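Asks: 3D, please:
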Amino acid sequence: MDQSTKGKTRVFVYGTLKRGYGNNSLLSKSEFIGADTLKGYKMMSKGAFPAIFKTLDEYFRVYGEVYEVDDSTLEILDYLEGVPNHYRRVTAETVSGRVVEVYVQDEPKERYKMVTGG
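Replies: Next up, the predicted model:
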């Protein structure tokens, strides 16, 4: 299944975009699809917010949520995440087989502290 259907995009979110956190209100008009997990990604703390990085080790996992968002919400999320200068939006597959867009960074991971619960 494609991550985009009829002007909608499935987005994997983590950190402040998850339910119960400060930026989740940006997803108020979006459909919550469910909790999910990405394999082969590592979450690191950048201080006030987390970032995830692709790894070669499938052991690492990031736990988050999947939403189906419209184009205007996707633009808002891109702005929040600073695409393309701060984060990149890439296509990934969750452990449940959902194809999603996710915000990642490519900066050197050594500068950040690993988040073990995410």
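Asks: so which helix or strand takes in residue 77?
Replies: Using DSSP states H and E, residue 77 sits within helix 71-81.
Asks: Would you tell me what the next helix or strand after that helix is?
Replies: Past helix 71-81, the next helix or strand by DSSP H and E is strand 88-93.
Asks: quick revisit: could the C-alpha coordinates of the helix holding residue 77 be exported in CSV?
Replies: The C-alpha trace of helix 71-81 is given here as CSV (Å, rounded to 0.1, in the frame of the first residue of the first chain):
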residue,chain,number,x,y,z
ASP,A,71,-1.6,18.1,2.3
SER,A,72,-2.0,21.3,4.4
THR,A,73,-1.2,19.4,7.7
LEU,A,74,1.9,17.9,5.9
GLU,A,75,3.1,21.4,5.0
ILE,A,76,2.6,22.5,8.6
LEU,A,77,4.6,19.4,9.9
ASP,A,78,7.4,20.1,7.3
TYR,A,79,7.6,23.7,8.6
LEU,A,80,7.7,22.6,12.2
GLU,A,81,10.5,20.1,11.5
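Asks: can you give me the angle that helix makes with strand 88-93?
Replies: Put simply, helix 71-81 runs at 120 degrees to strand 88-93, going by axes from the mean of the first three to the mean of the last three CA atoms, to 10 degrees.
Asks: Going by neighbour count, which residues in helix 71-81 are buried?
Replies: 73, 74, 77, 81 (16 or more other CB atoms under 10 Å). C-betas here are computed from N, CA, C, even on glycine.
Asks: Verify the stated contact: the third one with residue 24.
Replies: No - Residue 77 is beyond contact range of residue 24, at 11.4 Å (criterion: CB atoms under 8 Å).
Asks: rewinding a little: relative to residue 28, which of the buried residues of helix 71-81 is nearest.
Replies: residue 73 (9.1 Å; CB to CB).
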